[in-house]
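Peer 1: Provided below are the primary sequence and the corresponding predicted coordinates.
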Amino acid sequence: MRLYGLVGAGGFGREVMPVAMEMLTRVHDGRDFELVFVVEGGGTGTVNGHRVMSAEAFLAADGAKHFNIAIADHDARQRIADGFIARGASPFSIRAANVVCLGHDEIGEGAILCPFVTVTSNATIGRFFHANLYSYVAHDCRIGDFVTFAPNVQCNGRVTIEDHAYIGTGAILRQGSDDKPIVIGRGAVVGMGAVVTRSVPPLATVVGNPAAPLQRSPR
């Protein structure tokens, strides 16, 4: 019996679980696997019909173990991924049946591609990428590790997104060029509905149309 664990039983985990279940049922012809929720710090019972296991119980289970992580926090995602791999668990990617990948793309381990996601051509995407509903990645984009797209992100061609960046719901990233790609720096946050027309520095938060650094009110 193959054991698959989805780490995180919150809202995103409960959205992703049916996608993972449909994919694994198709891959394994409906036989010889179990898909469970995995939670840190202990857990029992069921959620939406799936058994809940603690992280320790999952990692101590006999046989091969496969996992993915449905947690938005990029730092937690990396910590969990590194810890599970060190304990012998293997990442698996989750891809909805209607995801479109047009070809010549490279997508790293542990991706979650939700329904209606599109990756066009010649994109390179790192480890544990999250692409939520209706998001797309266009041609010649370079996306790092542990990057998160909220729903309906429009990432146009020749955009570089560095590790741990978060792109909010409905954000639009303008197309770059060969000599001047749009670069979203490591750990940057692009706010909901922002229209990015120029590069964003590492760790910055930008909002608005056109996107500009968030000005925080003094306390």
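Peer 2: That came in fine, so what should we check first?
Peer 1: use CA for all of it now, contacts and neighbours both
Peer 2: Fine.
Peer 1: pLDDT score assigned to the residue nearest the centre of the chain?
Peer 2: For the chain, the residue lying nearest the average C-alpha position, counting by CA atoms, centre = their mean, turns out to be His130 (1.4 Å). On pLDDT, His130 comes in at 98.
Peer 1: swap in Asp179?
Peer 2: According to the model, Asp179 scores 89 on pLDDT.
Peer 1: with Arg31 instead?
Peer 2: 86.
Peer 1: contacting residues for it?
Peer 2: Thr25 (CA atoms under 8 Å, 6 or more residues apart in numbering).
Peer 1: separation between it and Ala76?
Peer 2: Distance, Arg31 to Ala76, by CA to CA, to the nearest Å: 32 Å.
Peer 1: ok, now Lys65?
Peer 2: 20 Å.
Peer 1: who has more neighbours out of those two?
Peer 2: Lys65 (22 against 13; other CA atoms under 10 Å).
Peer 1: how about that one: which residues does it bridge to?
Peer 2: Beta-bridge partners for Lys65, by DSSP bridges, are Leu3.
Peer 1: check contacts around it.
Peer 2: Lys65 neighbours (CA under 8 Å, 6+ apart): Arg2, Leu3, Tyr4, Gly5, Phe58, Leu59, Gly88, Ala89, Ser90.
Peer 1: quick check, pLDDT for it.
Peer 2: 97.
Peer 1: now Val200
Peer 2: Val200 is given a pLDDT of 98.
Peer 1: in this structure, where is pLDDT below threshold?
Peer 2: Counting by pLDDT under 70, the chain shows low-confidence ranges at 216-219.
Peer 1: can you give me the helices in it?
Peer 2: Under the criterion DSSP state H, helices of the chain are mapped to 11-27, 55-60, 74-86.
Peer 1: got the domain boundaries for the chain?
Peer 2: Following automatic domain parsing, one gets these domains for the chain: 2-92, 95-208.
Peer 1: mind checking those domains for the one nearest to Gln215?
Peer 2: domain 95-208 (9.0 Å; CA to CA).
Peer 1: ends of that closest one, how far apart?
Peer 2: End-to-end distance (CA to CA), domain 95-208: 31 Å.
Peer 1: kindly report the same for stretch 154-166.
Peer 2: Stretch 154-166 end-to-end distance (CA to CA) = 13 Å.
Peer 1: show me what that stretch is in contact with.
Peer 2: In contact with stretch 154-166 (CA under 8 Å, 6+ apart) are residues 74-75, 135-150, 170-178, 181-190.
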